[in-house]
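Colleague: I need the structure of the sequence given here:
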Amino acid sequence: MDSTGALSRIAERYEAGYLSDEDYADELQHLLERYKRLRGEVVDIVNERGANVRSAFRPTQHR
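Modeller: Residues are numbered from 1 along each chain as shown. Below you'll find the predicted structure:
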């Protein structure tokens, strides 16, 4: 589910009168929190994989 689709569905429900102003604000806040959490997870995954790639191709030191 993409964020613009979710945002559109919330807006449609609000415009149709299914959500009060407070409910609309709560839904938007929930969507924003979810986006931030997922974004953080993606950043963590990318950073971890980047570190793995850098260490895999690091030249070994001969002693």
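Colleague: just name the shakiest helix or strand of this protein by mean pLDDT.
Modeller: Here the helix or strand of the chain ranked lowest by mean pLDDT, DSSP states H and E is helix 3-15, holding a mean of 91.
Colleague: report the buried residues of that helix.
Modeller: 6, 10, 14 (16 or more other CB atoms under 10 Å). Bear in mind the C-beta positions are built from the backbone N, C-alpha and C, glycine included.
Colleague: which ones are touching the second one?
Modeller: Translated: residue 10. With contact taken as CB atoms under 8 Å, 6 or more residues apart in numbering, residue 10 is in contact with 19, 24, 27-28, 31.
Colleague: how about these, which pair is most distant?
Modeller: Every pair in the contacts of residue 10 was compared (CB to CB); the two farthest apart turn out to be 19 and 31, at 12.5 Å.
Colleague: of the two, who's got more company?
Modeller: Ranked by neighbour count (other CB atoms under 10 Å), residue 19 and residue 31 place residue 19 first, with 18 against 15.
Colleague: surely that one touches residue 13?
Modeller: Yes - under the criterion of CB atoms under 8 Å, residue 19 is in contact with residue 13, at a separation of 5.1 Å.
Colleague: shared neighbours of those two, anything?
Modeller: With the criterion set as CB under 8 Å, 6+ apart, the overlap between the contacts of residue 19 and residue 13 is residue 27.
Colleague: pLDDT weak spots in the protein?
Modeller: Counting by pLDDT under 70, the ranges of the chain that qualify are 1-3, 62-63.
Colleague: longest helix of it?
Modeller: Secondary structure of the chain read by DSSP state H shows that its longest helix is helix 21-56.
Colleague: run the chain-centre distance for that helix.
Modeller: Relative to the mean C-alpha coordinate of its chain, helix 21-56 is positioned 3 Å out (CA atoms, centre = their mean, to the nearest Å).
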